[in-house]
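>>> sharing a sequence plus its predicted fold:
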Amino acid sequence: MVSVVIAALDGTASLGTAGLMDALNKADLAQALLTGQPARRVFEVRLAGLDSRGVSCRDGVSLHPVVTAADVTAPDLIVVPGLDDDLATSFNENRRWVPWLRNWHAAGSRIAGSCTGAFLVADAGLLDGRSATTHWMFAGELHRRYPAVNVTADRMIVDTGDVITSGGATAFLNLVLYLVERFAGHDRANLAAKVLLVDGHRPSQRPYIAFGRERSHGDMIVHRVQEHIDLHLDDPLRITELASRFGVSERTLSRRFAAATGRGPQAYLQHARIQHAMRLLETAGDPIDQIRRRVGYTDPAAFRRVFKEATGLSPSGYRDAYGLRNGPGN
């Protein structure tokens, strides 16, 4: 059996820890549940605390570890759940796990960080020089704190062999199915997906990434240009004309845009068009060609290509996944 230890973090949402543990155990039982026949268990899962006391999660939930970190030698796999949304406070409350992670890894354990658990894994130095992912909202902060880590925010799972990271709070379900496939094979992972009713084949976080902090800057010129872009997405906007309209040179506009949003104006324009297309596909029933024209794309092939690069899905596939349903009985 694969020995798995899940770290019980203080002050976090219980879902990320208890949900991960329950889902891994349920996935392990999937074959027996579906066939009605005894099946070999793959995982031995234990919840570990820093000491023998109960661990307080948010909203009055408590977890009771069955083993302490000091009693754990070198399990096959250590799983670090996500931190709380107040990242700085939660990180400081749980940083005492870092030496343990470093020691277990040195002793041969594989380490898996779920969501913002990647911050503790990175703090242990286990992601230096490697690719890693985390929830897309915190990817920039992970890179800022640990510049030696190659943060790939669009990826759902990154496996570098002895260290695995995954994105998103509920992406622990994807992590569970990935672990089942890695340690028990594709067939058992598919059975687990059916029992858990989880689509485990989401390779990317791109469909979920929103504008976020690209509007939380203080450059008023860039804000005015962004507002103009929002109102004229279906126009053939040119960066030279935008710069002239707002009284700056094209070079100055490019520099200020990159400083304020992290993107040049052309890349931002493309991003804005795709974001608007995503919202229309989610909320309107208009034909895709009509949506394409409304967001400023005259070439259907170019629109499909850029949309898929940005979201990982075709426009029709995105609508199937996130668009309006026909109604309660359908």
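Perfect, I can see it now. Numbers count the residues shown, from 1 in each chain.

>>> let me know the helix or strand that the closest residue to residue 134 other than its chain neighbours is in.
Leaving aside its chain neighbours, residue 134 sits nearest to residue 118 (4.2 Å; criterion: Cβ to Cβ, 6 or more residues apart in numbering). C-beta coordinates here come from the backbone N, C-alpha and C atoms, glycine included. According to DSSP states H and E, residue 118 maps onto helix 118-123.

>>> how about residues contacting that helix?
80, 83, 87, 91, 94-95, 97-98, 101, 111, 113, 127-128, 132-134, 138, 142, 145-146, 149, 163, 165 (Cβ atoms under 8 Å, 6 or more residues apart in numbering).

>>> weed out the non-buried ones from the residues you listed.
Neighbour-count burial (16 or more other Cβ atoms under 10 Å) applied to the contacts of helix 118-123 gives 80, 83, 87, 91, 94, 97-98, 101, 111, 113, 127, 132-134, 138, 142, 146, 149, 163, 165.

>>> among the residues you listed, which are located in helices?
87, 91, 94, 97, 98, 101, 142 (DSSP state H).

>>> can you redo the residues you listed as TSV with distance to residue 54 and pLDDT?
TSV is the format used below for those (distance: Cβ to Cβ, whole Å; pLDDT from 0 to 100):
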residue	distance to residue 54	pLDDT
87	24	91
91	21	96
94	15	96
97	17	96
98	22	97
101	22	97
142	30	92
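
>>> which of the residues you listed lies closest to residue 235?
residue 142 (37.1 Å; Cβ to Cβ).

>>> what residues are up against that closest one?
Shown in contact with residue 142 (Cβ under 8 Å, 6+ apart): 118, 119, 122, 132, 134, 149, 151.

>>> just flag the most distant two among these.
It's 119 and 151 that sit farthest apart of the contacts of residue 142, by Cβ to Cβ, at 11.1 Å.

>>> which residues do these two both contact?
With Cβ under 8 Å, 6+ apart as the test, residue 119 and residue 151 both reach 134, 142.

>>> these two - which one has more neighbours?
residue 119 (27 against 24; other Cβ atoms under 10 Å).

>>> now the helices for the stretch 101-250 of the chain?
Assignment of helices within the stretch 101-250 of the chain using DSSP state H, counting those that start in this stretch yields the ranges 118-123, 139-145, 172-184, 186-196, 220-231, 239-245, 250-261.

>>> buried residues of the first one, list them for me.
Right, helix 118-123. Of all the residues in helix 118-123, those buried under the rule 16+ other Cβ under 10 Å are 118, 119, 120, 121, 122, 123.

>>> what about it, distance to the chain center?
15 Å (Cα atoms, centre = their mean, to the nearest Å).

>>> what helix or strand does residue 4 sit in?
Using DSSP H and E, residue 4 sits in strand 2-7.

>>> tell me which residues in the longest helix along the chain are buried?
In the chain, with assignment by DSSP H, the single longest helix is helix 265-283. Neighbour-count burial for helix 265-283 flags 265, 268-278, 280-281 (criterion: 16+ other Cβ under 10 Å).

>>> any chance of those residues in CSV, plus pLDDT and distance to residue 49?
Putting the buried residues of helix 265-283 into CSV (pLDDT from 0 to 100; distance: Cβ to Cβ, whole Å) gives the following:
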residue, pLDDT, distance to residue 49
265, 90, 51
268, 88, 46
269, 90, 50
270, 90, 48
271, 88, 43
272, 88, 47
273, 91, 49
274, 91, 45
275, 86, 42
276, 88, 47
277, 91, 47
278, 87, 42
280, 88, 48
281, 89, 45
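
>>> in TSV: those, plus distance to residue 3.
Output for the buried residues of helix 265-283, formatted as TSV (distance: Cβ to Cβ, whole Å):
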residue	distance to residue 3
265	53
268	48
269	51
270	47
271	44
272	49
273	49
274	44
275	44
276	49
277	47
278	42
280	49
281	45
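
>>> adjacent strands (with direction) for the strand holding residue 4?
Using DSSP bridges, the strands paired with strand 2-7 in its sheet are strand 43-49 (parallel), strand 77-80 (parallel).

>>> related to what we said a few turns ago, between the buried residues of helix 118-123, which sits nearest residue 175?
Scanning the buried residues of helix 118-123 for proximity to residue 175, where the rule is Cβ to Cβ, the winner is residue 118, at 11.4 Å.

>>> in this structure residue 296 contacts residue 230, no?
No: using Cβ atoms under 8 Å, residue 296 makes no contact with residue 230, being 11.6 Å away.

>>> who's more crowded, these two?
Per other Cβ under 10 Å, whichever of residue 296 and residue 230 has more neighbours is residue 296, with 20 against 11.

>>> OK, contacts around that one?
Applying Cβ under 8 Å, 6+ apart, the residues near residue 296 are 233, 234, 235, 236, 237, 273.
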